[in-house]
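**Student:** sequence plus the predicted model coming up.
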Amino acid sequence: QVQLVESGGGLVQAGGSLSLSCAASGRTFSRYAMGWFRQSPGKEREFVSAISGSGGNTYYADSVKGRFTISRDNAKNTLYLQMNSLKPEDTAVYYCAAGYVPSSNRNHYTYWGQGTQVTVSS
């Protein structure tokens, strides 16, 4: 069982930056691939980024590539998402998730956090 708690969301102007964190419970954090997804009103939850258990492999949606950076600190059981050059279309609730393989498919993730709101004003 893994419990995930996101933090770091907020309101930022377009062009600004935010850093999200996802704190995980348990002693087996490094065994899990982790992902970030987001969901805005009326839309399906979409893939943002994923990272392997070791942190050696990272994956990004085309819409955030070059602007967002995923990372993890297995000693601290924490996942991060650094978001730069934010755009209004990045506005969404951001969720972290844990699974067994890094994937863009949300069905491959077993555990989910409660989400944190990110709002980018124009």
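**Tutor:** Happy to help now that I have it. Please read all numbers here as calculations on a predicted model, not as lab measurements.
**Student:** tabulate the CA atom coordinates of the helix or strand hosting Arg38 in PDB.
**Tutor:** Remark: Arg38 resides in strand 33-39, with elements defined by DSSP states H and E. What follows is the C-alpha trace of strand 33-39 in PDB, where atoms were taken according to Å, rounded to 0.1, in the frame of the first residue of the first chain:
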ATOM      1  CA  ALA A  33       7.500   4.100 -11.300                       C
ATOM      2  CA  MET A  34       5.800   7.400 -10.700                       C
ATOM      3  CA  GLY A  35       3.800   9.600 -12.900                       C
ATOM      4  CA  TRP A  36       2.200  13.000 -13.000                       C
ATOM      5  CA  PHE A  37      -1.200  13.500 -14.600                       C
ATOM      6  CA  ARG A  38      -3.600  16.400 -14.800                       C
ATOM      7  CA  GLN A  39      -7.200  17.000 -15.300                       C
END
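**Student:** for the residue minimising distance to the centre of the chain, give me its contacts.
**Tutor:** When CA atoms, centre = their mean is applied to the chain, the residue found nearest the centroid is Trp36 (2.5 Å). Going by CB atoms under 8 Å, 6 or more residues apart in numbering, Trp36 touches Leu20, Cys22, Val48, Ser49, Ala50, Ile70, Leu79, Leu81, Tyr94, Tyr95, Cys96, Ala97. C-beta coordinates here come from the backbone N, C-alpha and C atoms, glycine included.
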